[in-house]
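Trainee: Build me a model:
(one chain, ligands or ions: 1)
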Amino acid sequence: MRFSFTPARMPDTSVFRPGLLDGQVALVTGGGTGIGYGIAELLAGLGAHVVIASRKPEHLEQAAGQLRAAGGAVSTVAVDVRDPERVRAMVEQVTNERGRIDLLVNNAAGNFYAPSESLSPNAWKSVVEIDLYGTFFCSQAVVPVMKQQGGGRIVSISMTLHYRGWPQMAHATAAKAGVDALTRTLAVEWAPYGIRINAIAPGPIPTEGVRKAFTPPADSGIPDVFAAADEAMARYARKAIPLGRWGAPRDIANMVAFLASPAGDWITGAIMVVDGGEWLSKAGA
Ligand code: NAP
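Mentor: Next up is the predicted model:
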């Protein structure tokens, strides 16, 4: 299979004021790769100290090295978000080292195609535990810290596939529907603590991770759009995405930065769709 994606053209300079997040501490799960890396990069560029957290040291170390080389203040924590004890230990470590947590980005997730009728209990459990339980465990773990410091922001990365149904992704769509429900419920429950809780639903962004997840089984009849060459991919985007291009991690990072900034002060319980209009488009269904 060929995969050589040319990222969407993004402005080099941020639209945000330099130093916008100076003094803030942001914890980004899954921050070593793909969209999470793009989020970490922008937050660090805006002055936040960014902690990236995931399972694999090779993801964390490589990402941290690149971010530091670009001038970012970055640290790493190894965590499996499915494990509430390790999640609590992660939050304790960050709080001990940095003194506060202003922003949690629940970005870690797992996904793959699997027919629902033969989906194994373990496969179901694994995805639901990473995407949904992980989001809850991390959110719950930061509450005492945010409460004590008088507030904070939580942004969870959801998806749009559960809006219309997506064959062979019952596990991930169910989990992300749960993330949306959690976002609304926790937003109301924890508003008295000054915690703003929102979600972002990205459209298709051809990260390495999503390319693996969205490679459909050969006999499934589902088109393997990421197998196409650049020009074919661009054609597909023009047809399936009303705004005519694939997304880039920076598209999602911009929304995270907006929600983390004072502009997000009166926004909570919202699910921001950032997808170029893809989910509304019949051609994309
Ligand atoms: P990705 O690069 O595969 O990101 C997933 C990240 O989660 C990895 O950094 C991975 O790091 C981490 N992770 C996985 N399991 C974990 C666990 N148990 N504990 C801690 N960390 C774990 O894919 P992506 O495309 O950037 O996706 C990022 C987010 O965007 C996900 O929430 C995804 O559902 C959402 N999303 C993506 C798209 C898209 O088109 N790309 C569309 C809609 C929504 P380790 O392997 O090191 O643990």
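
Trainee: for this protein, longest strand please?
Mentor: strand 195-202 (DSSP state E).

Trainee: Quick one: mean pLDDT for the helix or strand just after that one?
Mentor: Following strand 195-202 in sequence order, the next helix or strand is helix 208-213 (DSSP states H and E). For helix 208-213, mean pLDDT is 81.

Trainee: how about whatever helix or strand comes next after helix 208-213, does it reach the ligand?
Mentor: The helix or strand immediately downstream of helix 208-213 is helix 230-240, counting by DSSP H and E. No - if you take C-beta under 6 Å from any ligand atom as the test, helix 230-240 misses the ligand, and the best it gets is 12.0 Å. All C-beta spots, glycine's among them, are computed from the backbone N, C-alpha and C.

Trainee: Taking their axis directions, the next helix or strand after helix 230-240 and strand 195-202 sit at what angle?
Mentor: Sequence-wise, the next helix or strand downstream of helix 230-240 (DSSP H and E) is helix 249-260. Relative orientation of helix 249-260 and strand 195-202, computed by axes from the mean of the first three to the mean of the last three C-alpha atoms, to 10 degrees: 160 degrees.

Trainee: what residues does this protein put near the ligand?
Mentor: Residues of the chain lying close to the ligand (C-beta under 6 Å from any ligand atom) are 29-30, 32-36, 54-56, 59, 79-82, 107-111, 130, 157, 159, 202, 204-205, 207, 209-210.

Trainee: Could you tell me which of these count as buried?
Mentor: By neighbour count, with 16 or more other C-beta atoms under 10 Å, these hold 29-30, 32-36, 54-55, 59, 79-82, 107-111, 130, 157, 159, 202, 204-205, 207, 209-210 as buried.

Trainee: need the contact list for the residue in the stretch 151-285 of the chain positioned nearest to the ligand.
Mentor: Going by C-beta to the nearest ligand atom, the ligand is nearest to Gly209 of the stretch 151-285 of the chain, at 1.9 Å. Residues in contact with Gly209 (C-beta atoms under 8 Å, 6 or more residues apart in numbering) are Thr33, Gly34.

Trainee: Ile197 versus that one, what's the distance?
Mentor: 24 Å (C-beta to C-beta, to the nearest Å).

Trainee: and if you look at Gly152?
Mentor: Taken as C-beta to C-beta, the span from Gly152 to Ile197 is 9 Å.

Trainee: Please apply the same query to Gly165.
Mentor: 26 Å.

Trainee: which one is the closest residue to the ligand within the stretch 1-150 of the chain nearest to, not counting chain neighbours?
Mentor: Nearest residue of the stretch 1-150 of the chain to the ligand: Gly34, at 2.2 Å (C-beta to the nearest ligand atom). Distance criterion C-beta to C-beta, 6 or more residues apart in numbering; nearest residue to Gly34, sequence neighbours excluded, is Thr207 at 3.4 Å.

Trainee: so where's the stretch 1-150 of the chain shaky on pLDDT?
Mentor: 1-13 (pLDDT under 70).

Trainee: Could you pull out the helices in it for me?
Mentor: Counting by DSSP state H, counting those that start in this stretch, one finds helices in the stretch 1-150 of the chain at the ranges 34-45, 57-69, 84-98, 121-128, 134-149.

Trainee: Let's see the shortest one as PDB, backbone CA atoms only.
Mentor: If I follow you right, that is helix 121-128. C-alpha atoms of helix 121-128 as PDB (Å, rounded to 0.1, in the frame of the first residue of the first chain):
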ATOM      1  CA  PRO A 121     -14.800  -8.900  23.900                       C
ATOM      2  CA  ASN A 122     -11.200  -7.900  24.300                       C
ATOM      3  CA  ALA A 123     -11.100  -5.700  21.200                       C
ATOM      4  CA  TRP A 124     -14.400  -4.000  22.300                       C
ATOM      5  CA  LYS A 125     -13.000  -3.600  25.900                       C
ATOM      6  CA  SER A 126      -9.700  -2.200  24.800                       C
ATOM      7  CA  VAL A 127     -11.100   0.600  22.600                       C
ATOM      8  CA  VAL A 128     -13.900   1.500  25.000                       C
END
